[in-house]
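Novice: sequence plus the predicted model coming up.
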Amino acid sequence: MLTECVHLPVLLCVTDESQKIVIWCLCCLMTKEPRSSTESGRNSWIRGLLSHVLSTFRFDMKEVCLFTRSLGYESIDYYPSLLKNMVLSLVSELRESHLNGLNTQSRRMAPERMMSLSRVCVPLVTLPDMEPLVEALLTYHGHEPQEVLTPEFFEAVNEAFLLKKIVLPMSSVVSLWFRHLPSLEKATLHLFEKLFSSKRNSLRKMECCIKESLLPQAACQPAIFRIVDEMFRFVLLETDGAPEVLAALQVFTSCLVEALKKENEQLKFALRAYFPYGAPCLTAALSQHPEAIPQGHGLQPLLHISQLLREAVEDCTYGSQRNPFESWFLFVHFGGWVDLAVEELLLRQEAEPPANLLWLLVFYYSPQDGSQQREQSMVKLKVLVNHFLMLLRSGPLSAINLQEAAESASADPRPPVCEQLVRRLLLSLLLWTPEGHAIVWEAVTHMARTDAVTHEIIGFLDQTLYRSHHLCVEASRKLARKLLKELQAQV
């Protein structure tokens, strides 16, 4: 029998240093999902022992035993109630210690005792009765120069939270990640594993996953946002700007902006606290919502953003590679402006495409190019846009003619326009114009000759539907849904 292996007299004599080992052993004996009354009974018995061991942290067990006997209670009945009362007592003590921390005459919990308490709690963080104490420990802020809780406590709480074994209020989550950087890094990596798994996630699923992680809400604190953003930067560099990473970064930024709005209409921190490397005027311009701009009035804000970006990129110190990348990294957080730039190019009434819009798109898709290369790409992009619009005005659209124009722009080595940008322009033209609806499937079939291009088109259609409330009419949304469903069935 298990009761013959672990005796109460032995537990009464354990030292503070051995408490953790005893608790871990007891937790290992518990059945996580009991399937019989025997296993449930054993779990209940072990919980009583855990309560007993934890209670020795605070009470003299000889006095407790005498007291319970005088009341007619057996230990196994008394200890579960003792645990609840002890947790409430410790929570009250922590709160009083926190509130009275500035009063040197007040009794405060000693740092050594805080450390010991957090160490004892490590294997118990998933017990429901312990939730108030875990939250109180996380939100306790003393005035000691060093952290008073053990790293093992933070790690155990973070692991339980990520695996959804415990539920924490937002204030506790922020405090956890703010006080223990490895936990924040692990939470971000945990999110990345979900977002960038082998199965490609739609932007809607990405959004749900990101919001469930609570990272955007916690990132309202600039210090937390900067860490998460740096990890996105590293993944972008390691994957050479993979589309799924760009998409995740843009969805995360959108969730952050939404969280900031819910928290307070007025920003508690200046935008520079979140994006310190960009010019304040550029950051302010990008942070405006392009979806809020009435259709047909997006050109002026786009030209302003393009001008600010161009000045930041092309006026940097000779030989400096930091400013162009930092400007691009700031820009890609707000992908809605790229959608609006494509819309303005293809649905405009002017005879010539505005040069600043051409520059904006070339910079977004080829940030590594130098100034001379970028100018050459702009010339070719201008020719391509004019060619597309001429085909649109000259009569019934032909999928073959559009594809030939796209391939010629991508094949010219002087240098070629980025193929992704060419395909984006072509797909946008087909989806956003009634003339393109009749030939869209034929054109997509011509383009989707490889799995990589097919996945790229799927990503574009998903992105179009994600932001379609501003850019597309209902007919275009229905067509995009149909195309997306058919292409996903093929891969």
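Specialist: Alright, I've got the coordinates.

Novice: spell out which helix or strand contains the residue positioned nearest the centre of the chain, please.
Specialist: In the chain, the C-alpha nearest the mean C-alpha coordinate belongs to residue 210, at 4.5 Å (C-alpha atoms, centre = their mean). Element membership of residue 210 [criterion: DSSP states H and E] is helix 203-212.

Novice: just the C-alphas of that helix, formatted as PDB.
Specialist: What follows is helix 203-212, C-alpha atoms only, in PDB (Å, rounded to 0.1, in the frame of the first residue of the first chain):
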ATOM      1  CA  LEU A 203      -4.600  34.900 -41.000                       C
ATOM      2  CA  ARG A 204      -7.900  34.500 -39.100                       C
ATOM      3  CA  LYS A 205      -6.400  31.500 -37.300                       C
ATOM      4  CA  MET A 206      -3.200  33.400 -36.700                       C
ATOM      5  CA  GLU A 207      -5.200  36.200 -35.200                       C
ATOM      6  CA  CYS A 208      -7.100  33.900 -32.800                       C
ATOM      7  CA  CYS A 209      -3.800  32.100 -31.800                       C
ATOM      8  CA  ILE A 210      -2.000  35.500 -31.200                       C
ATOM      9  CA  LYS A 211      -4.900  36.900 -29.100                       C
ATOM     10  CA  GLU A 212      -5.200  33.600 -27.100                       C
END
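
Novice: helices or strands up against it?
Specialist: helix 181-195, helix 243-263, helix 451-466 (3 or more C-beta pairs under 8 Å, 6 or more residues apart in numbering; DSSP states H and E). C-beta coordinates here come from the backbone N, C-alpha and C atoms, glycine included.

Novice: which parts of the longest one are buried?
Specialist: Neighbour counts using 16 or more other C-beta atoms under 10 Å place 244-256, 259-260 of helix 243-263 among the buried residues.

Novice: to residue 371, which of the helices and strands packed on helix 203-212 lies closest?
Specialist: With C-beta to C-beta, the closest approach to residue 371 among these belongs to helix 243-263: 23.3 Å.

Novice: alpha carbons only: can I get the closest one in CSV?
Specialist: The C-alpha coordinates for helix 243-263 follow below in CSV (Å, rounded to 0.1, in the frame of the first residue of the first chain):
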residue,chain,number,x,y,z
PRO,A,243,5.8,35.7,-46.3
GLU,A,244,4.3,33.8,-43.4
VAL,A,245,6.6,35.6,-40.9
LEU,A,246,5.7,39.0,-42.5
ALA,A,247,2.0,38.1,-42.3
ALA,A,248,2.3,37.0,-38.6
LEU,A,249,4.2,40.2,-37.7
GLN,A,250,1.5,42.3,-39.4
VAL,A,251,-1.4,40.4,-37.6
PHE,A,252,0.5,40.8,-34.3
THR,A,253,0.8,44.5,-34.8
SER,A,254,-2.8,44.8,-35.6
CYS,A,255,-3.7,42.9,-32.5
LEU,A,256,-1.4,45.2,-30.4
VAL,A,257,-3.1,48.3,-31.8
GLU,A,258,-6.5,46.9,-31.0
ALA,A,259,-5.3,46.1,-27.4
LEU,A,260,-4.0,49.6,-27.0
LYS,A,261,-7.3,51.0,-28.0
LYS,A,262,-9.2,48.8,-25.6
GLU,A,263,-6.9,49.7,-22.8
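
Novice: I figured residue 269 was touching residue 222, is that so?
Specialist: Yes. With contact taken as C-beta atoms under 8 Å, residue 269 and residue 222 are classed as touching, separated by 5.2 Å.

Novice: these two: which has the busier surroundings?
Specialist: residue 222 (18 against 13; other C-beta atoms under 10 Å).

Novice: could you find the closest non-adjacent residue to the more buried one?
Specialist: Closest residue to residue 222 apart from its sequence neighbours, by C-beta to C-beta, 6 or more residues apart in numbering: residue 273 at 3.9 Å.

Novice: work out for me the element the one you found sits within.
Specialist: Here residue 273 is assigned to helix 271-274, by DSSP H and E.

Novice: go through the helix or strand just after that helix and flag the buried ones.
Specialist: Next helix or strand after helix 271-274 toward the C-terminus (DSSP H and E): helix 280-286. The neighbour-count check on helix 280-286 (16+ other C-beta under 10 Å) flags 282, 283, 285, 286 as buried.

Novice: tabulate these (JSON lines), appending distance to residue 340 and pLDDT.
Specialist: Compiled in JSON lines, these are given as follows (distance: C-beta to C-beta, whole Å; pLDDT from 0 to 100):
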{"residue": "282", "distance to residue 340": "16", "pLDDT": "91"}
{"residue": "283", "distance to residue 340": "18", "pLDDT": "90"}
{"residue": "285", "distance to residue 340": "13", "pLDDT": "91"}
{"residue": "286", "distance to residue 340": "12", "pLDDT": "92"}
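
Novice: and of the residues you listed, the nearest to residue 218?
Specialist: residue 283 (20.8 Å).

Novice: wait, which of the buried residues of helix 280-286 is closest to residue 116?
Specialist: Here the nearest of the buried residues of helix 280-286 to residue 116, counting by C-beta to C-beta, is residue 283; it sits at 46.1 Å.

Novice: against residue 305, how distant is that closest one?
Specialist: Distance, residue 283 to residue 305, using C-beta to C-beta, to the nearest Å: 11 Å.

Novice: equivalent analysis for residue 254, please.
Specialist: To residue 305, residue 254 is 17 Å away according to C-beta to C-beta.

Novice: helix/strand/coil for residue 297?
Specialist: coil (DSSP: H, G, I helix; E, B strand; the rest coil).

Novice: number of residues surrounding it?
Specialist: Neighbours of residue 297 (other C-beta under 10 Å): 8.

Novice: how about the contacts made by it?
Specialist: Going by C-beta atoms under 8 Å, 6 or more residues apart in numbering, residue 297 touches no other residue.

Novice: can you offset everything so residue one is 285?
Specialist: OK, 285 is where the count begins now, so the last one is residue 581.

Novice: phi, psi for it please.
Specialist: Dihedral pair for residue 581: phi -120, psi 20, per degrees, to the nearest 10.

Novice: quick one: it and residue 455, what's the gap?
Specialist: Relative to residue 455, and taking C-beta to C-beta, residue 581 is found at 41 Å.

Novice: likewise residue 702?
Specialist: Residue 702 is 45 Å from residue 455, by C-beta to C-beta.

Novice: OK, contacts around residue 378?
Specialist: Here residue 378 is in contact with 393, 420, 421, 424 (C-beta under 8 Å, 6+ apart).

Novice: any chance of those residues in a markdown table, with secondary structure too?
Specialist: Converted to a markdown table, these look like this (three-state DSSP):
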| residue | secondary structure |
| --- | --- |
| 393 | coil |
| 420 | helix |
| 421 | helix |
| 424 | coil |
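
Novice: which of those count as buried?
Specialist: Buried, going by 16+ other C-beta under 10 Å: 393, 420, 421, 424, out of the contacts of residue 378.

Novice: next one, pLDDT for residue 486 please.
Specialist: At residue 486, the predicted lDDT confidence score is 89.

Novice: just to revisit the earlier point, lowest pLDDT pick from the contacts of residue 378?
Specialist: residue 393 (73).
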